[in-house]
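Participant: How does the following fold in three dimensions:
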Amino acid sequence: MDYDLASGLTAFGMLARGNPFINKLSIGLDTPLIPPLPGEIDGNKTRGLASHGRFEGDVSMTRQDWAVGDNIHFQPELFQELLDIVAQVGNDSDITGPKSIVNPEALGLFKLKRYQESQSENIELQYHIGRLILSYGETGFTLNFFANGTDGTLSIPTMTSIFRDQRFPPDWYRRSSPGTIGEIGDTTDLVMEAYGTPAPGANAPNGTYIRDPGPFTVSLVTLFLLQVNPST
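Facilitator: All right, here's what the predicted structure looks like:
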């Protein structure tokens, strides 16, 4: 990834869940190795990236919502939902077979399904504009950075190796040029446009989804990119 994207993600993670006064950030949960912020202005612990909220949140691709299950570890049943959808609307490949290439349409349908599941099962669902952007943004990141650099496609075997086995598969090569936040935004827009995007909002205590005030008439991802990088 290019400098702007790498530094932006690092800065966001540090400010959201780290201790920038000592330049330390846990990629897991809280740890005694990282003290709280001065004056404990963010609580008596400096929580890591895996802590719910801010960086990690609801409607994840392969983790359950914090309020209803395991939001840290890979969930095979959720990943299988994604594989089933790719088998329906994915692209064909001469190498890995029919309906074996992950595309924006598959991820768009999957994210919509994940939102519907969370809205139905998680009475504490929080899906405001910031979380919605990050939730969909992970699809753009996936397609841009996990695709095989040899042909620019993300196959089911490659995605399975990276997501489930946490390793790069044989004959996988990184992309030839640094990925940018603009590329993630463009790809995410395609995912969001494929099957529509839920309105930002949250569940009320009775389970009713309350939409945030709108309307949102421009690309949510583009709007976010303009806010964090006016030159985009």
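Participant: can we go C-alpha only for contacts and neighbour counts from here?
Facilitator: Fine.
Participant: and stretch 74-82, which residues are buried?
Facilitator: For stretch 74-82, the neighbour count (16 or more other Cα atoms under 10 Å) marks 74-75, 78-79, 81-82 as buried.
Participant: mind checking the SS state of the residue nearest the centre of the chain?
Facilitator: Closest residue to the average C-alpha location of the chain: Glu138 at 2.8 Å, with Cα atoms, centre = their mean. Using DSSP: H, G, I helix; E, B strand; the rest coil, the structure places Glu138 in helix.
Participant: Just checking the distance from the longest strand along the chain to the centre of its chain.
Facilitator: Ranked by residue count and defined by DSSP state E, the top strand of the chain is strand 97-102. Put simply, strand 97-102 sits 22 Å off its chain's centre (Cα atoms, centre = their mean, to the nearest Å).
Participant: just stretch 145-165 next, same as before
Facilitator: Distance, centroid of stretch 145-165 to centroid of chain: 16 Å (Cα atoms, centre = their mean).
Participant: hey, C-alpha coordinates of it in PDB?
Facilitator: In PDB, the C-alpha atoms belonging to stretch 145-165 read as follows (Å, rounded to 0.1, in the frame of the first residue of the first chain):
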ATOM      1  CA  PHE A 145      -4.900  -6.300  -1.700                       C
ATOM      2  CA  PHE A 146      -5.700 -10.000  -1.600                       C
ATOM      3  CA  ALA A 147      -6.100 -10.600  -5.300                       C
ATOM      4  CA  ASN A 148      -3.300 -12.400  -7.000                       C
ATOM      5  CA  GLY A 149      -0.900  -9.900  -8.500                       C
ATOM      6  CA  THR A 150      -0.400 -12.100 -11.600                       C
ATOM      7  CA  ASP A 151      -3.900 -11.500 -12.900                       C
ATOM      8  CA  GLY A 152      -5.600  -9.200 -10.500                       C
ATOM      9  CA  THR A 153      -8.300 -11.600  -9.500                       C
ATOM     10  CA  LEU A 154      -9.300 -13.100  -6.100                       C
ATOM     11  CA  SER A 155     -10.300 -16.700  -6.400                       C
ATOM     12  CA  ILE A 156     -12.100 -18.800  -3.800                       C
ATOM     13  CA  PRO A 157      -9.000 -20.900  -3.100                       C
ATOM     14  CA  THR A 158      -6.900 -17.800  -2.500                       C
ATOM     15  CA  MET A 159      -9.400 -16.100  -0.300                       C
ATOM     16  CA  THR A 160      -9.900 -19.300   1.700                       C
ATOM     17  CA  SER A 161      -6.100 -19.600   2.300                       C
ATOM     18  CA  ILE A 162      -5.900 -16.000   3.400                       C
ATOM     19  CA  PHE A 163      -9.100 -15.700   5.500                       C
ATOM     20  CA  ARG A 164      -9.300 -19.200   7.000                       C
ATOM     21  CA  ASP A 165      -5.700 -20.400   7.000                       C
END
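Participant: what comes up buried for it?
Facilitator: 145-149, 152-156, 158-160, 163.
Participant: Kindly report the same for stretch 167-175.
Facilitator: In terms of neighbour count (16+ other Cα under 10 Å), stretch 167-175 has its buried residues at 168, 175.
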